[in-house]
Structures are given as structure tokens and as C-alpha cells.
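1. Build me a model:
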Amino acid sequence: MELPQTDIVREHETFFRVRYSECDQQGVVHHSRYLIYFEQGRIELLRASGYDYGKMEELGILVVVAHMDIHYMSPARYDDELRLVTRVTKVSYAKIEHEYQLYRGETLLVKAKSKLAAVNREGKIMSIPPEFGGLGEFPQEL
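-> Residues are numbered from 1 along each chain as shown. Purely as a prediction, here's the structure:
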């Protein structure tokens, strides 16, 4: 499905430096930390559009990770300066898919994909409003 025409930014770059607390004893970023980096990328992508997850939660829209696919190619290390490219690749009524590419300089370290689902406070699937990049209400035929 084609992405809806909204003011939502579809790609964003986030820059940061690896902190000591994110590394193992060898000075290499622990694999679990990349999930946090990707979450920060999604937050900053939404913020670049003038929105934030806090506002979504106030409206009763919760976003949960339904699937992650991560390919580690080269380790990030303590004090590396990194650039994370976060991209929206697909939007449906209740799901948003992202791709991530994490670089040190021009070297691609990690690439990943995620599928996120919108749920209400009871954990039931719900539609993503257009102002947050979604397609709006479910069609009657669903």
C-alpha cells in the first residue's frame, strides 16, 4: 500500500556517541542496545514531524513492537560517533514498518526492520490516525 499523503517525515537521521554503559567488557556495544537505538530513531522521526509518542499515549494510542529483524555486520565500540537513518517503509491501518541503517562514518554496522502495531490500553488492535501517519479508521469491509 502506498504511503498516505501527510506531513509525517518519512526518513530521519539521528546522531549520537556510544556511551561506556552500552558496552561489554571488550568495549563493544551489547547487541540489546541496538533495540534502544532503533526506538530512539523512531521517536526522533516522529518528533521531526511535530508529534511525539507522549501525545499518542495521551490519546490512548499505544505502539508495540510486533517484529524485529536485525543484521549485525560490524560492531560499534565505546565512544564511536554513530549515525542512524530511520525510514518509514510501509503503513497500513494498524501497522507501521520501519527500516534502520546504523553507520560509523560511511561504514554500515547494522541494518534492521521492524513492524509496529497500534493498540489501545486494553491491548486491542486499533487504527492509526492520519495525523500520526496512519490511514485512519478501518474500512467497513475489514
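2. host element of residue 39?
-> Per DSSP states H and E: residue 39 is located in helix 33-48.
3. Burial check on residue 23, number of neighbours?
-> Neighbourhood size, residue 23 [other C-beta atoms under 10 Å]: 19. In short, each C-beta sits where N, CA and C put it, glycine included.
4. Can you tell me how far residue 38 is from residue 124?
-> From residue 38 across to residue 124, the span is 25 Å (C-beta to C-beta, to the nearest Å).
5. These two - which one has more neighbours?
-> Counted by other C-beta under 10 Å, residue 38 and residue 124 do not tie: residue 38 has more neighbours, with 24 against 9.
6. Quickly note the distance from the more buried one to residue 23.
-> From residue 38 to residue 23 the distance is 18 Å (C-beta to C-beta).
7. now residue 123
-> With C-beta to C-beta as the criterion, residue 123 and residue 23 are 35 Å apart.
8. where do the strands sit along this structure?
-> Under the criterion DSSP state E, the chain contains strands at 11-17, 62-72, 81-91, 95-104, 107-119.
9. The shortest one vs helix 33-48, what angle?
-> Same thing as strand 11-17. 130 degrees (axes from the mean of the first three to the mean of the last three C-alpha atoms, to 10 degrees).
10. hang on, the earlier thing: TSV for the strands of the chain, including distance to residue 32 and mean pLDDT?
-> Formatted as TSV, these follow (distance: least, C-beta to C-beta, whole Å; pLDDT from 0 to 100):
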stretch	distance to residue 32	mean pLDDT
strand 11-17	16	97
strand 62-72	10	96
strand 81-91	16	95
strand 95-104	14	96
strand 107-119	12	97
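11. I'd like those as a markdown table, with mean neighbour count and distance to residue 52 appended.
-> Conversion of the strands of the chain to a markdown table gives the following (neighbours: other C-beta atoms under 10 Å; distance: least, C-beta to C-beta, whole Å):
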| stretch | mean neighbour count | distance to residue 52 |
| --- | --- | --- |
| strand 11-17 | 15 | 13 |
| strand 62-72 | 13 | 12 |
| strand 81-91 | 18 | 15 |
| strand 95-104 | 19 | 15 |
| strand 107-119 | 18 | 15 |
